[in-house]
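1. Pasting the sequence and the predicted model now:
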Amino acid sequence: MKKQLISGIAGLAILLSSSAIPAIASSHAEAPLISMDRFADNTDTYAFRSVEPGRAGFVTLIANYIPLQEPSGGPQYFRFDDTVRYEIKIDNTGDGQEDVVYEFEFVTTRVNNNTVLGQSTVNQDGVIGSLTDPDYNIPQTYRVRRSTGKEERAVVLASGLRTPPANIGPRVTPNYEANLGQPAVYNLPNGGKVFAGNRDEYFYIDLGVFDALNLRSVGMSGGIDSTKGYNVSTIAIEVPMQELTRTGAVPASPTAPDAVVGVWATASRRTTRVIQPDGSRIEAGDFRQVSRLGNPLVNEVVIPLGLKDAFNSLSPFSDGTIPQVVQAVTDPELARLLAAVYGITVPPPPRNDLVSIFATGIPVNPITGPNYTTFLSDGIAHEYLRLNVAIPPTPIANQNRLGLLGGDVAGFPNGRRVFDDVTDIALRAVAGGTPFTPATNIAPNNTLGDGVSSNPEGPLLMRFPYLLPPNQGNQPRTANQQRPERDPSIIPTVDSFGL
Ligand SMILES: [Ca+2]
Ligand SMILES: [Ca+2]
Ligand SMILES: [Ca+2]
């Protein structure tokens, strides 16, 4: 029993720290092996109540893959990997095992093999005006299946759905969103919607933070969004709330025992690849998980280097059995770094506040009121987003980028909205700048940030799939600009950073 408890704490710690650290897309190239397998690499996972008008009873789940796509990367451009199984998983019983799975598999075809080009060519007039235009020379289709835990029980929700081509430029893909983006949003028989394709990378962060926390600014502005101008590959599905809950019903209230669900996304590959003499490849064997992502930044900053590849292969069911991460969680390295770099006092270990915020979920309490992200838990830590589907969404105009820390109980760490500034939230939480640790809930601990507070490409769409259309290839990437010097008056200098 004691051993189980310790394991649980370890897993929880993972969770907590996980949400606690800044990174590029919250998880890209975070582990040695997946950093060399981009097309199976999860970057961010989101789960939130739909805010599009008329969609009050729905939940939107988004899994992004394939990090830092340069929009002009043609002529093949970025598309999903036909040999990867992409999945979004839901645990609604609290045991870390998936109870509902949405599975996506892709098939790529070619219209014309006798062109030197790739995704587009001149089969007709050279303009891709629709998803079925013959000039869309390498169209990709996909199948969506839903299962309740066991693959043999998988049901096909839709198949033969086309992904849009890349946003190549105004000559080949004019009026991109009207002609190709929105037409790739499909209705599902369950009343939901689905989309798969390129989108703007909405995750915003100043990666100067990885230069030993050398932030240009710790305020609302003054940073540079390092992902500006890049695209990502998005799988988005909107489903009725009751498809996710353990009772199969709409929860009676935010404190109902079926109100919370765990959400994470994975990518899996077959165990065997044979490269043929003619260059073609044969894939065989069972699918094996090579990437996972629930909370942002867990594998980046909490899991030790030697375990990062293994973590990508694990189910949340097993998280609580990794003793090596216990100390890393209850005494997170990032907190020590923040203390050293900024000369601030952080809460001493063990960081039970972080365990509560990020690992075990937040119970109903005087600080957050009705917010509630705990399960009827089995007492063991499981790392994934926790979404209370019974908490109504905050209208986009009223959302607070700091989520719960900003008094917006519909935001992170209650699920994760695309809009949420998880970098600032994580920095403040690790520094102890939250109401859960009153002694350190002071400036600058509770004002830390990376100086980037919104996506420079613009606000979210007011409709599914919410993410903006992809940046187009025939233009300079908007981030190609000189970076301003860091303001030396900003919090303590990092000159003494010598860890
Ligand atoms: Ca379960
Ligand atoms: Ca962006
Ligand atoms: Ca920020």
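-> In hand now; what should we look at? Numbering: from 1, shown residues only. Ligands and ions are numbered 1, 2, ... in the order given.

2. ok, the residue lying closest to residue 170 once chain neighbours are set aside - how many residues close by?
-> Leaving aside its chain neighbours, residue 170 sits nearest to residue 474 (6.6 Å; criterion: Cβ to Cβ, 6 or more residues apart in numbering). All C-beta spots, glycine's among them, are computed from the backbone N, C-alpha and C. If you count neighbours by other Cβ atoms under 10 Å, residue 474 ends up with 14.

3. can you confirm residue 474 is in a helix?
-> No: going by DSSP: H, G, I helix; E, B strand; the rest coil, the assignment for residue 474 is coil, not a helix.

4. Pretty sure it sits against residue 168.
-> Yes: with contact defined as Cβ atoms under 8 Å, residue 474 reaches residue 168; the gap is 7.0 Å.

5. Isn't residue 449 up against residue 425?
-> No: under the criterion of Cβ under 8 Å, residue 449 is not in contact with residue 425, lying 9.1 Å apart.

6. mind checking the end-to-end distance for stretch 122-131?
-> 15 Å (Cα to Cα, to the nearest Å).

7. do stretch 258-276 and ligand 1 meet at all?
-> No: Stretch 258-276 does not reach ligand 1 (Cβ under 5 Å from the ion); its nearest approach is 7.8 Å.

8. now that stretch: mean pLDDT?
-> Mean per-residue pLDDT for stretch 258-276: 96.

9. got the buried residues for it?
-> Of all the residues in stretch 258-276, those buried under the rule 16 or more other Cβ atoms under 10 Å are 258-269.

10. now it: how far from the chain's centre is it?
-> Here the centre of stretch 258-276 is set off from its chain's centre by 14 Å, with Cα atoms, centre = their mean, to the nearest Å.

11. Same question for stretch 199-215.
-> 15 Å.

12. end-to-end on that stretch?
-> Its start and end residues considered, stretch 199-215 measures 27 Å (Cα to Cα).

13. Could you see whether ligand 3 lies near it?
-> No: shown here: stretch 199-215 not in contact with ligand 3 (Cβ under 5 Å from the ion), separated by at least 6.5 Å.

14. again, but for stretch 280-297
-> No: for stretch 280-297, no contact with ligand 3 is found by Cβ under 5 Å from the ion; the gap never falls below 12.1 Å.

15. Just the strands from the stretch 351-499 of the chain, written as ranges.
-> Remark: strands assigned in the stretch 351-499 of the chain by DSSP state E, counting those that start in this stretch are 385-388.

16. Could you pick out the residues of it near ligand 3 for me?
-> So far as Cβ under 5 Å from the ion goes, the stretch 351-499 of the chain lies against ligand 3 at 421, 423-424, 449-450, 452.

17. switch the cut-off to 6 Å
-> 421, 423-424, 449-450, 452-453 (Cβ under 6 Å from the ion).

18. Mark which of those are part of helices, please.
-> Among these, DSSP state H puts 423-424 in helices.

19. Would you write a PyMOL line that selects the buried entries of the residues of the stretch 351-499 of the chain next to ligand 3?
-> Listed next is the PyMOL selection for buried residues among those, using 16+ other Cβ under 10 Å:
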select buried, resi 421+423+424+449+450+452+453
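
20. What segments of the stretch 51-200 of the chain are strands?
-> 58-69, 84-91, 100-108, 140-147, 155-162, 186-187, 193-200.

21. could you check whether the fourth one is close to ligand 1?
-> No: counting by Cβ under 6 Å from the ion, ligand 1 is not contacted by strand 140-147; separation bottoms out at 13.0 Å.

22. So residue 318 lies in a helix, does it not?
-> Yes: remark: residue 318 belongs to a helix, assigned using three-state DSSP.

23. contacting residues for it?
-> Residues near residue 318 by Cβ atoms under 8 Å, 6 or more residues apart in numbering: residue 96.

24. related to what we said a few turns ago, how near is the residue nearest to residue 170 to ligand 1?
-> 47 Å (Cβ to the ion, to the nearest Å).

25. Contacts only, for that residue.
-> 72, 168-171.

26. Most neighbours out of the residues you listed, which is it?
-> Within those, residue 168 tops the neighbour count with 22 neighbours, counted by other Cβ under 10 Å.

27. my guess is that residue contacts residue 120, does it?
-> Yes: counting by Cβ under 8 Å, residue 168 touches residue 120, with 5.9 Å between them.

28. Overlap of the contact sets of those two?
-> residue 128.

29. just to revisit the earlier point, now the buried residues of stretch 258-276 as JSON lines including distance to residue 394 and secondary structure?
-> Below are the buried residues of stretch 258-276 laid out as JSON lines (distance: Cβ to Cβ, whole Å; DSSP: H, G, I helix; E, B strand; the rest coil):
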{"residue": "258", "distance to residue 394": "22", "secondary structure": "coil"}
{"residue": "259", "distance to residue 394": "17", "secondary structure": "coil"}
{"residue": "260", "distance to residue 394": "18", "secondary structure": "strand"}
{"residue": "261", "distance to residue 394": "19", "secondary structure": "strand"}
{"residue": "262", "distance to residue 394": "21", "secondary structure": "strand"}
{"residue": "263", "distance to residue 394": "19", "secondary structure": "strand"}
{"residue": "264", "distance to residue 394": "23", "secondary structure": "strand"}
{"residue": "265", "distance to residue 394": "23", "secondary structure": "strand"}
{"residue": "266", "distance to residue 394": "29", "secondary structure": "strand"}
{"residue": "267", "distance to residue 394": "31", "secondary structure": "strand"}
{"residue": "268", "distance to residue 394": "34", "secondary structure": "strand"}
{"residue": "269", "distance to residue 394": "38", "secondary structure": "strand"}
